[in-house]
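Enquirer: need the 3D shape of this:
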Amino acid sequence: MMKQRICQFLFYRVIGWKSNVTVEIPDKCLVCMAPHTSNWDLFIGKLFAGAHGITGSFMMKKDWFFFPLGILFRAMGGIPVDRSRKSSLTEQMAERFRTSQRFLLTITPEGTRKANPDWKKGFYYIARGANVPVLLMGFDFPTRTLSITKQLTLTDNVEECIREMKEHFKQYKGKHPEKFAV
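Expert: Here you go, the predicted structure:
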């Protein structure tokens with residue numbers, strides 16, 4: 001409870017962000033967060049989660065898990081990802097959902113902080129494999145608002161799901177809007 005109060009103070013009072021959450025956040029879900037244009041997204045998102053009593057994990061390029069940052073990122077729920085190896089990461093994450101009572105995983109579908117209109121599809125295969133809902137979390141830096149207002153309905157068409165996500169995320173502006181492409 002003390003940690004939650006500290007996160008609330010930091011998120012709402014110190015950095016002056018607001019939240020707009022209109023959907024229920026279940027014990028198991030995959031959260032797609034966009035736009036991802038700054039390293040600050042991680043820390044703002046973690047403060048938001050802490051302020052709402054949410055414990056979650058995130059996947060991040062393994063290159064960031066060097067000493068001493070690796071210790072910090074793992075403590076924050078970080079899961080290192082080696083993009084150079086073709087591994088069954090989606091199956092590993094789906095299995096983690098299946099074997100956990102509570103697991104919230106946040107993914108940035110762009111897969112980078114640079115403008116990338118070719119969004120990654122891993123979130124789709126993880127959510128389908130684990131049979132968990134996908135929530136859409138939007139960062140809006142001009143209004144300093146973090147929103148979770150939509151649960152994506154997964155269909156059999158991954159491209160259709162990505163189109164729907166991109167349409168939803170058009171309303172948000174990242175810290176560096178030029179680095180966000182839908």
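Enquirer: beta partners of the most centrally placed residue in the chain?
Expert: Centroid check for the chain by C-alpha atoms, centre = their mean gives Thr106 as the closest residue, at 3.0 Å. Thr106 has these beta-bridge partners by DSSP bridges: Val31, Phe58.
Enquirer: residue contacts, it?
Expert: The contact partners of Thr106, by C-beta atoms under 8 Å, 6 or more residues apart in numbering, come to 30-33, 45, 56-58, 137. Yep, even glycine has a C-beta here, placed from its N, CA and C like the rest.
Enquirer: got any ranges where this protein has weak pLDDT?
Expert: Scanning the chain with the threshold set as pLDDT under 70 gives 83-87.
Enquirer: can you show me the strands along it?
Expert: 18-21, 28-34, 57-61, 78-81, 103-107, 134-140, 145-152 (DSSP state E).
Enquirer: any chance of these in TSV, plus distance to Asn116?
Expert: Supplementary listing: the strands of the chain in TSV, determined by distance: least, C-beta to C-beta, whole Å:
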stretch	distance to Asn116
strand 18-21	26
strand 28-34	11
strand 57-61	14
strand 78-81	16
strand 103-107	14
strand 134-140	16
strand 145-152	19
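Enquirer: among those strands, which is nearest Gly122?
Expert: Closest approach to Gly122 among the strands of the chain (C-beta to C-beta): strand 103-107, 6.9 Å.
Enquirer: from the chain's centre, how far out does the closest one sit?
Expert: Relative to its parent chain, strand 103-107 has a centroid offset of 6 Å by C-alpha atoms, centre = their mean, to the nearest Å.
Enquirer: what do you get for stretch 71-80?
Expert: That offset, for stretch 71-80, works out to 14 Å (C-alpha atoms, centre = their mean).
Enquirer: can you pull the buried residues of it?
Expert: Buried positions in stretch 71-80, judged by neighbour count with 16 or more other C-beta atoms under 10 Å: 73, 76-79.
Enquirer: ok, Glu91 touching Gly129?
Expert: Yes - assessed by C-beta atoms under 8 Å, Glu91 is found in contact with Gly129 at 6.4 Å.
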